[in-house]
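Colleague: return a 3D structure for these sequence lines:
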Amino acid sequence: MKELIIAINFSLLLFIASISTKKTLNVLENSFMYLVLVFFVTGYTAVYYINLKLWSVADDPQLFLILRLYELIMIPLLCLWYFNLVEVCKTWLSRIVLTILMTGILGIVQLIMTYWEVIQYKNWQFWQSIVTFVVLLIVVRLLHVWFQSKLQKEGIK
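Modeller: Take a look at the predicted model:
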């Protein structure tokens, strides 16, 4: 029960902080990236625990709700902050440091999910999750660049 309360409070904190902070990207870019992130995060977690059976997910409804908060709020909003901060970074070194920091934060959140037994690894190692997060950040960044070019073509940005 305390895990659910902590997860809800953390999700609400992320949500409120995301709404109240000034963003460097416009509303269309943030909306597009949030939808893409939710699509990819829910997609890869479903593939990992349903299709490939590399993870098992808790049967307890409260823990399953924590998984949904993880997929729909925690990871996408943390990644949105990352993409808004990347736009501020001027040098490649600062972008690389920010990417390493964000990958570490995403890894810590997933470790907490495994500690709470929301997710249990089967034939899976933590480093594979780190690789998944790096690939997620790269793919979403490439889609963001593509979307920015479409916005420029339409004269929006």
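Colleague: buried set for stretch 42-59?
Modeller: Using 16 or more other CB atoms under 10 Å as the burial criterion, the residues of stretch 42-59 that qualify are Thr42, Tyr44, Thr45, Tyr48, Tyr49, Trp55, Val57, Ala58. Where C-beta positions appear, they are placed from N, C-alpha and C, glycine not excepted.
Colleague: gap between the third one and Asn26?
Modeller: The gap separating Thr45 from Asn26 is 29 Å, by CB to CB, to the nearest Å.
Colleague: for the helix or strand containing Ile130, the distance to its chain's centre please.
Modeller: In this assignment (DSSP states H and E), Ile130 forms part of helix 126-154. Counting by CA atoms, centre = their mean, to the nearest Å, helix 126-154 is centred 11 Å from the centre of its parent chain.
Colleague: average pLDDT for that helix?
Modeller: Averaging pLDDT along helix 126-154 yields 95.
Colleague: and that helix, what's buried?
Modeller: Quick answer for helix 126-154 (16+ other CB under 10 Å): Ser129, Thr132, Phe133, Leu136, Leu137, Val140, Arg141, His144, Phe147, Gln148.
Colleague: and the two most separated of the residues you listed?
Modeller: In those, two members sit farther apart than any others by CB to CB. They are Ser129 and Gln148, at 28.4 Å.
Colleague: let me know the pLDDT of Ser56.
Modeller: 93.
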